[in-house]
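Colleague: Got a predicted structure here, sequence first:
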Amino acid sequence: MTTGRLQGSVRVVGAGLIGTSIGLALTKLGVAVSLTDASPANVSLAVDYGAGVPAGEGDNPSLIVVCVPPDVTAVTVRRELENFPSAIVTDVASVKAPILDELAAAAADLTRYVGSHPMAGREKGGAASGRADIFVARPWVIATQPQASDEALQLVEQLALDLEAIPVRLSPLEHDRAVALVSHTPQLVSSLLAARLVGANGVELAGQGLRDTVRIA
């Protein structure tokens, strides 16, 4: 019996930090979760942590969550749409407009696709860093697009709500502009500063402010 409101099983593609965290949170709610990843070792680790079970040939998920790097997100979403013609598919990539454009160019079924992006993370990636509470009280962008069905939008929004995140509806372009400012730019500044400090004199004098600035590098 599920304690959340999602109905049916969920397939998670990509057993890294976000995929494993989604699996842990949904499993805790009693949702049936199947996991797949290009690395069998990643799946085994996520399964050992309790994030779900290995995906099987007979799976018939209601919702598929693609948690792979942005450069392979579109091709993965397209494959999942084709392989599971009754499932709704979302992804958690940090860019949205280019993925939607690539899917549209490939004539993918956009009625069953809604991009999304949970604004959550940790300093370290991988299944070992997964936590069920990582999304609590964090914004979860629902990247609306005109071809998406109401059912698809509602299901992806329900995923965010069940994980205790705060759904925020934005267009893909609005999302990308906002994230470039509030997430990508700080990441770039942090990385550049950390690189500049390598081998520098006086680093031992740094206070907490510098540590906080380079923490995400």
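Modeller: Good, I have the coordinates.

Colleague: Kindly indicate whether residue 76 is helix, strand or coil.
Modeller: Here residue 76 is recorded as helix under DSSP: H, G, I helix; E, B strand; the rest coil.

Colleague: For it, the count of nearby residues, please.
Modeller: 21 (other CB atoms under 10 Å). Bear in mind the C-beta positions are built from the backbone N, C-alpha and C, glycine included.

Colleague: where does it land on pLDDT?
Modeller: On pLDDT, residue 76 comes in at 99.

Colleague: thought it was touching residue 68?
Modeller: Yes. Between residue 76 and residue 68 there is a contact under CB atoms under 8 Å: 5.2 Å.

Colleague: who touches both of those two?
Modeller: Counting by CB atoms under 8 Å, 6 or more residues apart in numbering, the residues touching both residue 76 and residue 68 are 13, 91.

Colleague: residues in contact with the spatially most central residue of the chain?
Modeller: When CA atoms, centre = their mean is applied to the chain, the residue found nearest the centroid is residue 92 (2.9 Å). Neighbouring residues of residue 92 by CB under 8 Å, 6+ apart: 18-19, 22, 65-67, 116-118.

Colleague: Now, those that are in helices?
Modeller: With DSSP state H as the criterion, helices contain 18-19, 22 from among those.

Colleague: got those residues as CSV, with neighbour count columns?
Modeller: Formatted as CSV, those follow (neighbours: other CB atoms under 10 Å):
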residue, neighbour count
18, 25
19, 28
22, 29
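
Colleague: name the helices or strands packed onto the helix or strand harbouring residue 80?
Modeller: Using DSSP states H and E, residue 80 sits in helix 73-83. Contacts defined by 3 or more CB pairs under 8 Å, 6 or more residues apart in numbering; DSSP states H and E place helix 73-83 against strand 10-13, strand 63-66, strand 88-91, helix 97-105.

Colleague: so which of the ones you listed comes closest to residue 111?
Modeller: Taking CB to CB, strand 88-91 is the member of the helices and strands packed on helix 73-83 nearest to residue 111, at 9.1 Å.
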